[in-house]
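Visitor: okay, sequence plus prediction incoming.
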Amino acid sequence: MIPPTELRIGNLVYEEGDQLTEIINGWQMDEGMELFPVPLTEEILLKCGFEKLGIEDDDIFYRILIKFPWGGHVILHCNFGDPNEEFSLWSYPYIKSLHQLQNLYFALKGEELTIKQDA
């Protein structure tokens, strides 16, 4: 479950198991409602603009370049190895779900992370 304090407008989460929900302005969490994270997958990373770099020692590497309007940039890296493990960004704490990635991106860039629907 996701603590409500982790959520912000624009986050995508699962509601009641598998219904994808976007937190919008005015949205209210009903009593007893449970929200669950959307785990990072290769498909989601690619839809978020990550590029697949390649494979090394059975790990698949991805990255995204975030450019700041005032100049400078930051590069987020992610790798995935064992199919039984989850994706996670190389940061602390590990970013393992879409809403966490959305929040980090917004904190760094000051704008929403674009998630392509057709990628």
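Guide: Done, it's in.

Visitor: what's the first helix or strand after the helix or strand of the chain with the lowest mean pLDDT?
Guide: Lowest on mean pLDDT, DSSP states H and E among the helices and strands of the chain sits strand 88-89, with a mean of 56. Helices and strands here follow DSSP states H and E; after strand 88-89, the next one along the chain is helix 98-109.

Visitor: what packs against that next one?
Guide: Applying 3 or more Cβ pairs under 8 Å, 6 or more residues apart in numbering; DSSP states H and E, one finds that helix 98-109 makes contact with strand 12-15, strand 59-67. C-beta coordinates here come from the backbone N, C-alpha and C atoms, glycine included.

Visitor: mind putting those strands into a markdown table with mean neighbour count and distance to residue 31?
Guide: As requested, the helices and strands packed on helix 98-109 are arranged in a markdown table below (neighbours: other Cβ atoms under 10 Å; distance: least, Cβ to Cβ, whole Å):
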| stretch | mean neighbour count | distance to residue 31 |
| --- | --- | --- |
| strand 12-15 | 19 | 14 |
| strand 59-67 | 15 | 37 |
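
Visitor: for residue 100, which of those strands is the nearest?
Guide: Taking Cβ to Cβ, strand 12-15 is the member of these nearest to residue 100, at 10.6 Å.

Visitor: quick one: average pLDDT of whichever helix or strand comes after the closest one?
Guide: Proceeding N to C from strand 12-15, the next assigned helix or strand is strand 19-22, under DSSP H and E. Regarding strand 19-22, the rounded mean pLDDT is 90.
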